[in-house]
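Peer 1: no FASTA, just this:
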Ligand code: BGC
């Protein structure tokens with residue numbers, strides 16, 4: 001039967017309007033709140049649900065499919081083993097993706113996730129983690145991209161674009177300023193409007209522009225004392241007002257706290273309602289409509305937003321097929337290519353790397369490298385068939401595992417090294433490890449740091465055992481490479497004793513092969529740090545963390561009514577490298593840093609400021625003997641020091657040996673501007689600015705100055 005919305009020439013808005021008009025109130029409310037579609041306790045799976053984060057019934061008489069929602073940014077998950085035996089490709093952590101500085105890679109890997117979601121029957125992917133890494137110990141930083149709003153926004157946006165190219169809606173989440181897990185439902189991120197607009201909100205704003213996500217998920221946290229899911233400033237004023245966001249806002253699971261208040265603040269759907277105190281968007285919302293507290297038009301608006309997004313990505317014209325036809329080999333190879341671009345070479349004394357092929361004896365130590373590579377935990381953890389699962393954390397009543405994905409660095413090193421012998425020891429027995437290490441030509445030691453949703457890192461140090469092991473091995477065999485598999489920056493107290501260090505993050509389904517490729521030179525490392533590595537926690541704006549046991553007595557963290565207020569105004573919009581610049585501190589490794597097996601030269605930096613914006617041009621040359629990729633980074637700051645240098649443009653450039661390329665980039669105007677709260681506008685002050693083409697955030701070797709005219713721009717607001 002042809003539906004009215006199928007007439008030719010209709011826009012997504014018109015089609016959504018037609019369907020909303022035809023829907024009954026029952027049908028509408030069936031879409032406004034729903035339980036987690038994973039059996040919890042005795043609750044059965046809703047009929048028709050595949051088994052995933054959420055399910056909302058279809059309306060077959062109108063030709064509208066059910067909404068099946070799955071997690072997350074790094075691949076299609078099966079939380080709580082809800083679909084036993086289900087395979088999936090695991091992408092590397094988002095930090096690794098950001099380290100590629102390659103939007104095209106974000107789009108391609110996003111499309112991979114969208115394709116797998118579609119082939120498993122899902123039409124909404126709860127992806128697009130776009131929070132800034134404000135708290136380097138945050139448990140979910142591996143799901144987020146970086147400490148910089150431009151890099152985060154662009155990479156998140158392209159990833160969303162990739163997912164949505166497969167007729168699958170993507171979210172961006174967790175809107176906004178949601179940097180830590182400890183006390184995640186009672187933590188208020190307190191920050192001025194200007195600082196927020198210039199940092200965390202800017203990341204989401206750019207992600208929305210680039211990716212046009214069909215849905216936005218507010219975080220569990222509060223922002224300036226109001227829960228994100230009922231925060232009228234965030235949802236109505238900024239997102240739906242200034243940014244004219246046309247999609248729907250779905251709460252996080254168990255993060256809705258009211259009916260009328262949330263509905264009037266801009267929340268459209270209560271997700272995971274069985275985890276909340278009440279199914280707020282069911283009877284209580286109906287009652288609020290009946291009382292006249294919430295207009296009926298608002299209910300229609302909620303449903304229209306959902307339909308519009310589904311129509312825009314083609315999820316209704318091309319309903320997700322549960323055909324399971326997925327080329328896992330091809331996907332694994334793409335995951336490997338991603339990891340190869342995002343692994344960061346941190347240290348390489350005396351060009352120890354790449355390792356010579358054909359050694360006699362290589363010893364591989366630690367981190368279950370005989371089996372696979374570490375993955376971050378929680379709702380985003382992808383579990384390819386063959387994963388090693390160790391006890392993890394329990395959250396939302398679901399036992400989740402610590403997962404090692406099946407891409408064994410040991411086997412990849414065996415394949416890549418051409419060595420006579422490659423042995424493995426777990427590292428648990430120090431004496432045995434040292435005995436073996438002494439005999440080896442080279443030792444490759446894997447160090448791990450596991451983070452998870454609901455589990456912040458308690459400090460930035462690796463475990464004492466691992467630090468002791470690394471120091472002891474370095475003492476008996478200086479031919480040592482340390483490979484880090486971490487959920488963010490860690491401190492490296494042994495850095496002086498170890499000649500070569502690689503940051504492999506959580507490298508995903510092709511991680512083992514990618515690491516081996518970098519170690520033996522098949523891959524020339526090109527990843528750049530998307531987060532600063534502090535020398536110690538004392539350098540951070542918040543040296544102390546919230547104590548998970550006692551949420552009462554920490555300095556700077558007052559508790560009001562059970563809510564913990566964290567004062568992010570300390571650093572304001574100067575997150576990460578900007579904080580280091582503002583305070584004149586030297587990090588262990590700066591944002592944007594990463595070594596290569598070749599060398600690059602930069603020259604001819606020029607800048608022009610025209611009506612259309614500020615443009616820079618420069619030449620990059622690969623002055624070494626190997627093909628490689630450089631990440632050009634442009635930082636800008638006013639010469640009077642009103643603000644510290646900010647990343648205003650970047651580009652990853654691949655160059656053959658001796659190749660020279662001219663690059664032209666346009667700077668992001670909102671990075672040159674500051675948000676003026678009185679004028680409610682972005683304001684660029686007239687004056688002289690320094691423009692730096694840096695190898696990283698602390699490199700000022702090549703710069704020019706430019707005069708920029710005053711400019712003010714804002715949003716069209718209805719008076
Ligand atoms: C997470 C979300 C996720 C949701 C559904 C929540 O715990 O915060 O990121 O999408 O669960 O699984």
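Peer 2: Thanks, I have the structure now. A quick note: this is a predicted structure, and the numbers were derived from the prediction, not measured.
Peer 1: and the closest residue to the ligand within the stretch 101-250 of the chain, how many residues sit next to it?
Peer 2: Nearest residue of the stretch 101-250 of the chain to the ligand, counting by Cβ to the nearest ligand atom: residue 126, 3.6 Å away. Every residue, glycine included, has its C-beta placed from N, CA and C. The tally of other residues near residue 126 (other Cβ atoms under 10 Å) stands at 30.
Peer 1: one more: residue 251?
Peer 2: Residues near residue 251, counting by other Cβ under 10 Å, number 28.
Peer 1: hmm, it is touching residue 271, no?
Peer 2: Yes: using Cβ atoms under 8 Å, residue 251 makes contact with residue 271 at a distance of 5.1 Å.
Peer 1: need the residues touching each of these two.
Peer 2: Common neighbours of residue 251 and residue 271 are listed as residue 217 (criterion: Cβ atoms under 8 Å, 6 or more residues apart in numbering).
Peer 1: next SSE after the helix or strand of the chain with the lowest mean pLDDT?
Peer 2: When each helix and strand of the chain is scored by mean pLDDT, DSSP states H and E, strand 559-560 comes last, with a mean of 62. Beyond strand 559-560 in the direction of the C-terminus, DSSP states H and E gives the next helix or strand as strand 563-567.
Peer 1: going by contacts, tell me the helices and strands next to that following strand.
Peer 2: Contacts defined by 3 or more Cβ pairs under 8 Å, 6 or more residues apart in numbering; DSSP states H and E place strand 563-567 against strand 187-190.
Peer 1: which parts of the next helix or strand after the strand it packs on are buried?
Peer 2: The helix or strand immediately downstream of strand 187-190 is helix 193-198, counting by DSSP H and E. Using 16 or more other Cβ atoms under 10 Å as the test for burial, helix 193-198 gives 195-198.
Peer 1: then stretch 631-641?
Peer 2: Counting neighbours by 16+ other Cβ under 10 Å, the buried set in stretch 631-641 is 631-638.
Peer 1: list phi and psi for the residue of the stretch 101-250 of the chain closest to the ligand.
Peer 2: phi -90, psi 70 (degrees, to the nearest 10).
Peer 1: that one - nearest residue in space that isn't next to it in sequence?
Peer 2: residue 71 (4.8 Å; Cβ to Cβ, 6 or more residues apart in numbering).
Peer 1: what ranges do the helices span in the stretch 551-700 of the chain?
Peer 2: 577-583, 669-672 (DSSP state H, counting those that start in this stretch).
Peer 1: closest one to residue 181 among these?
Peer 2: With Cβ to Cβ as the measure, helix 577-583 is the member of those nearest residue 181 (20.9 Å).
Peer 1: need the contact partners of the closest one.
Peer 2: Helix 577-583 is contacted from outside by 147-148, 532, 534, 539-541, 571, 574, 585-587, 590-592, 643-646, 697-698, using Cβ under 8 Å, 6+ apart.
Peer 1: hmm, try it at 6 Å
Peer 2: Helix 577-583 is contacted by residues 532, 541, 571, 574, 587, 591, 644, 697 when judged by Cβ atoms under 6 Å, 6 or more residues apart in numbering.
Peer 1: now that helix: buried residues?
Peer 2: Buried residues in helix 577-583, counted by 16+ other Cβ under 10 Å: 577-581.
Peer 1: for this protein, give me the ranges with low pLDDT.
Peer 2: Across the chain, the ranges flagged by pLDDT under 70 are 547-561, 718-719.
Peer 1: and whichever residue of the stretch 151-300 of the chain sits closest to the ligand, how many neighbours does it have?
Peer 2: Across the stretch 151-300 of the chain, the shortest distance to the ligand (Cβ to the nearest ligand atom) belongs to residue 253, at 4.1 Å. Neighbours of residue 253 under the rule other Cβ under 10 Å: 24.
Peer 1: mind listing what it touches?
Peer 2: Each residue near residue 253 by Cβ under 6 Å, 6+ apart is listed here: 36, 271-272, 275.
Peer 1: same thing with residue 453?
Peer 2: Residues counted as contacts of residue 453 (Cβ under 6 Å, 6+ apart) are 140, 378-379.
Peer 1: which of those has the most neighbours?
Peer 2: Greatest neighbour count in these, by other Cβ under 10 Å, goes to residue 140: 32 neighbours.
Peer 1: how about the secondary structure of residue 541?
Peer 2: At residue 541 the chain is in coil, as set by DSSP: H, G, I helix; E, B strand; the rest coil.
Peer 1: not counting its neighbours along the chain, what's nearest it?
Peer 2: Spatial nearest neighbour of residue 541, excluding adjacent residues (Cβ to Cβ, 6+ apart): residue 571 at 4.0 Å.
Peer 1: done for today, thanks.
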